[in-house]
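Student: compute the structure for the input listed below.
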Amino acid sequence: MSIGTKNWTRFGQTANADFYQIDESILAVVPHEGCTDDDITAKASIETQLAYLRPKNQKAGILIFMDGISQQTSGARNVYRDLPDPKHQVCFALVGGTVFGRAVGSIFLGLSKPCVPTQMFATQEQALDWCHEQVKKS
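Tutor: Numbers count the residues shown, from 1 in each chain. So this is what the prediction gives:
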């Protein structure tokens with residue numbers, strides 16, 4: 001899956017991902033190719049998103065591109081289940097364009113459902129539409 005970040009505003013980076021604002025109500029997490037997501041990187045991801053949203057008192061839907069992740073630990077899943085702030089992180093849209101990316105997303109959803117609405121999508125467009133709907137409802 002090709003991720004077109006050219007027109008997005010980059011606002012952060014952690015050890016395993018880059019972070020972008022797509023529009024006024026949508027952020028994107030683009031993991032580095034072949035990365036592992038553990039409790040440390042997951043916590044850094046949540047903190048990076050909140051450090052961007054909280055000072056602006058902004059809420060956003062979050063697109064997470066799953067195809068770059070080669071492994072996700074149970075510690076990471078626990079962080080994503082427990083640490084999101086629903087006042088700012090309205091929803092998570094997991095985008096998986098490959099069989100492996102969808103498998104990682106499905107395992108995540110099956111084992112550790114976050115405290116905000118979370119769904120798996122095959123395309124970025126579907127995920128964006130859903131996120132926009134979730135933000136409008138919040």
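Student: give me the next element, helix or strand, following the helix or strand bottoming out on mean pLDDT in the chain.
Tutor: Across the helices and strands of the chain, mean confidence by mean pLDDT, DSSP states H and E is lowest for helix 99-111: a mean of 60. Using DSSP states H and E, the helix or strand that directly follows helix 99-111 along the chain is strand 118-121.
Student: what is that next one packed up against?
Tutor: If you count contacts as 3 or more C-beta pairs under 8 Å, 6 or more residues apart in numbering; DSSP states H and E, strand 118-121 packs onto strand 89-95, helix 99-111, helix 124-137. Just so you know, the C-beta spots here come from the backbone N, C-alpha and C atoms, and that holds for glycine as well.
Student: hey, C-alpha coordinates of the last one in PDB?
Tutor: Right, helix 124-137. Taking C-alpha atoms only, helix 124-137 is exported to PDB below (Å, rounded to 0.1, in the frame of the first residue of the first chain):
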ATOM      1  CA  GLN A 124      -7.100   4.700   3.500                       C
ATOM      2  CA  GLU A 125     -10.200   6.200   1.900                       C
ATOM      3  CA  GLN A 126     -12.600   4.000   3.900                       C
ATOM      4  CA  ALA A 127     -10.700   4.700   7.100                       C
ATOM      5  CA  LEU A 128     -10.800   8.500   6.500                       C
ATOM      6  CA  ASP A 129     -14.600   8.400   5.800                       C
ATOM      7  CA  TRP A 130     -15.200   6.500   9.000                       C
ATOM      8  CA  CYS A 131     -12.900   8.700  11.100                       C
ATOM      9  CA  HIS A 132     -14.700  11.800   9.800                       C
ATOM     10  CA  GLU A 133     -18.000  10.300  10.800                       C
ATOM     11  CA  GLN A 134     -16.700   9.400  14.300                       C
ATOM     12  CA  VAL A 135     -15.300  12.900  14.900                       C
ATOM     13  CA  LYS A 136     -18.600  14.500  13.800                       C
ATOM     14  CA  LYS A 137     -20.500  12.300  16.300                       C
END
